[in-house]
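Asker: Provided below for reference: sequence and predicted model.
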Amino acid sequence: MNLSREEILQIVHFTVQQLFDKNGEKNDKKFADIEQRLADLNLKRVREARQSMSVQPLLTQRSKSYTDSTDPAKNLGETGDFYEKNDGAGVITEKFTKEDGRWVSLGTYATAASGTSLVIAMTGGPHTDYVSMGGVLDDSNQLYNIPGGYVAGTLVAYFQGQASFKGEGITETNPATGDFTFTLFTPNPGQYVAARYEAA
């Protein structure tokens, strides 16, 4: 079979065009896959950013505070709000914060002589153990102590219900002995501090 030069060029042109079309389809699919992966990755990053913001509601939203001489009503307030229970004469006896739609006690409080506050430290985990935390509320002291110590990096300290974290409001002065220092606050008599941590 003898083909003319023109016929040979047409066959070559047709064959090359077929190869380009097949490679183009493969490349289009590859580009579509890459675009989908990037979209999924961006969505994942957005979700992670939103989740990390929701872990620290005090940094992203304003909380409300309530006070009364009875326990807080279940339908009162929103997540991140605070409630102070008093003895009817104005002395605060217990603090609560609302987490996941329910009020959680931050601990019971009392004021002893010389401005020393018996504040509460709360251990993490499925159970909460309450211990008296050392420290004087005198408008100059910023050093407080958790008896028995705490695991470094697990401490969250509260001043008047506002959470502080390592490097952001507190220094973990000596986790082994339980010492930590407020860097932004100097508590006064009548105010309160508390802490949540993993026991050492």
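Answerer: Structure received.
Asker: count the residues that sit near the nearest residue to Asp87 once chain neighbours are set aside.
Answerer: Nearest non-adjacent residue to Asp87, counting by CB to CB, 6 or more residues apart in numbering: Thr93, 5.2 Å away. For the C-beta atoms, the positions are set from N, CA and C on the backbone; glycine is no exception. Counted with other CB atoms under 10 Å, the neighbours of Thr93 add up to 13.
Asker: Thr93 sits in which helix or strand?
Answerer: Per DSSP states H and E: Thr93 is located in strand 92-99.
Asker: average pLDDT for the next helix or strand after that strand?
Answerer: Using DSSP H and E, the helix or strand that follows strand 92-99 towards the C-terminus is strand 102-108. What strand 102-108 shows for mean pLDDT is 78.
Asker: ok, strand 102-108: who's next to it in the sheet?
Answerer: strand 92-99 (antiparallel) (DSSP bridges).
Asker: show me the contact partners of the strand it pairs with.
Answerer: Here strand 92-99 makes contact (CB atoms under 8 Å, 6 or more residues apart in numbering) with 67, 72, 77-87, 103-110, 161, 192, 194.
Asker: Pro189 contacts Leu137, doesn't it?
Answerer: Yes. Between Pro189 and Leu137 there is a contact under CB atoms under 8 Å: 5.1 Å.
Asker: compare those two (neighbour count), which wins?
Answerer: Per other CB under 10 Å, whichever of Pro189 and Leu137 has more neighbours is Leu137, with 22 against 13.
Asker: do you know how far the more buried one is from Tyr192?
Answerer: 8 Å (CB to CB, to the nearest Å).
Asker: outline the domain layout of this protein.
Answerer: Listed domain ranges for the chain are 5-55, 61-108, 116-200 (source: automatic domain parsing).
Asker: which residues in the protein form helices?
Answerer: Taking DSSP state H, the helices of the chain run over residues 5-55, 57-60.
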